[in-house]
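>>> got a structure for you, letters missing:
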């Protein structure tokens, strides 16, 4: 179907809908989508039709697909946000605004902002976090899964991500540089910023706009000025990528289709994707003239291998003593990698593999044939130094 024919059919379908001939409009739109499955305007128009006949779940999915096909489609984003607010899901509307609002011109941004619930950050009480001699405040929303997980640890007096936290406490010193890839809300960024002090430096990478803004808020509220935050992803090559928004877990956005995981029910119901920039860590370390890099922490929901491949020059020079990396086997496989491939990459760069055992940052070196017996996500330490 040629473009001019598509436009004619779209105009006709919209006219038929205006005449309340919903069935005929739907038939034309389905015909277009059979030829062009990701046509953003056709998806949005069919979403309007589905909403009119009270097929609300279909409408949500179509509006989401429309926004994903064209991140600048104001009508689809406006409709989806209105449905979330009307359906008692204001946090989902706020997430849409945070992740997609910046793609729109200012007048449209202002129009969408009026839809947002009046739920300011001041309503979220700061949570005081004590880690060893370090203390700082985080603004965490108990309604959000990943925030609630953190709050549960803090309220029970437990150490959040104990292994990595203890590694930070043991190895980081004043004047070090730390790289936090996958910053989430900034817990490790803030911890590192305190530990390395004013002479030190933290470089954080977080592709989610909502999480990126949360990190900036936390740095500002805690008066930390030695951390720099970048709102893009890291990978093996420079370019752009499809970033899948996780409505079930704001710490679980990824560069693969997270709706394929059984946990992510909302993300399956409302599949959202946005285009993001991807950079190489080697390039950014050179541009930022980062020196004394003591530790790199990587938690990128499956793209850890690609991040390491984009840092081969830095790691191969032996300038970074420690790399701590999350291992999510399901996610790694969906990104075309594996735990074995990641470990082989690090071995080729001169790093030994260590598993965390017991409490704190106690580790045991793994031979190439050994693996961690776990069905869950876990961390591995890669080091040039022997323990």
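Okay, I see it. Keep in mind that what you see is a predicted model, and the values were worked out from it rather than measured.

>>> show me the contacts for the residue positioned nearest the centre of the chain.
Residue closest to the mean C-alpha point of the chain, counted by C-alpha atoms, centre = their mean, is residue 253 at 3.6 Å. For residue 253, the contact set (C-beta atoms under 8 Å, 6 or more residues apart in numbering) comprises 207-208, 211, 243-246, 301. Where C-beta positions appear, they are placed from N, C-alpha and C, glycine not excepted.

>>> between those residues, which is nearest residue 140?
Among the contacts of residue 253, residue 211 lies closest to residue 140 (C-beta to C-beta), at 12.1 Å.

>>> mean confidence score for the helix or strand that contains residue 149?
Counting by DSSP states H and E, the element that carries residue 149 is helix 145-155. On average, the pLDDT along helix 145-155 is 96.

>>> Just the residues contacting that helix, thanks.
Residues outside helix 145-155 that contact it (C-beta under 8 Å, 6+ apart): 127, 129, 138, 140-142, 158-160, 184-185, 187, 248-252.

>>> follow-up on the earlier one: just the contacts of residue 253 now: which is nearest residue 55?
Nearest to residue 55 among these, counting by C-beta to C-beta, is residue 245 at 22.8 Å.

>>> Can you name the residues that contact the nearest residue to the closest one once chain neighbours are set aside?
Nearest non-adjacent residue to residue 245, counting by C-beta to C-beta, 6 or more residues apart in numbering: residue 272, 4.0 Å away. With contacts defined as C-beta under 8 Å, 6+ apart, the neighbours of residue 272 are 64, 67-68, 96, 99, 244-245, 247.

>>> neighbours around residue 240, how many?
11 (other C-beta atoms under 10 Å).

>>> That one should be in a strand, yeah?
Yes - Residue 240 forms part of a strand when assessed by DSSP: H, G, I helix; E, B strand; the rest coil.

>>> from memory it sits against residue 279, does it?
No - contact criterion C-beta atoms under 8 Å: residue 240 and residue 279 do not qualify, at 10.5 Å.

>>> which sections of the stretch 1-150 of the chain are below the confidence cut-off?
118-122 (pLDDT under 70).

>>> hmm, try it at 80
Residue ranges of the stretch 1-150 of the chain with pLDDT under 80: 1, 117-123.

>>> still on that earlier bit, mind giving me JSON lines with the contacts of residue 253 and columns for secondary structure?
Output for the contacts of residue 253, formatted as JSON lines (three-state DSSP):
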{"residue": "207", "secondary structure": "coil"}
{"residue": "208", "secondary structure": "coil"}
{"residue": "211", "secondary structure": "helix"}
{"residue": "243", "secondary structure": "strand"}
{"residue": "244", "secondary structure": "strand"}
{"residue": "245", "secondary structure": "strand"}
{"residue": "246", "secondary structure": "coil"}
{"residue": "301", "secondary structure": "coil"}
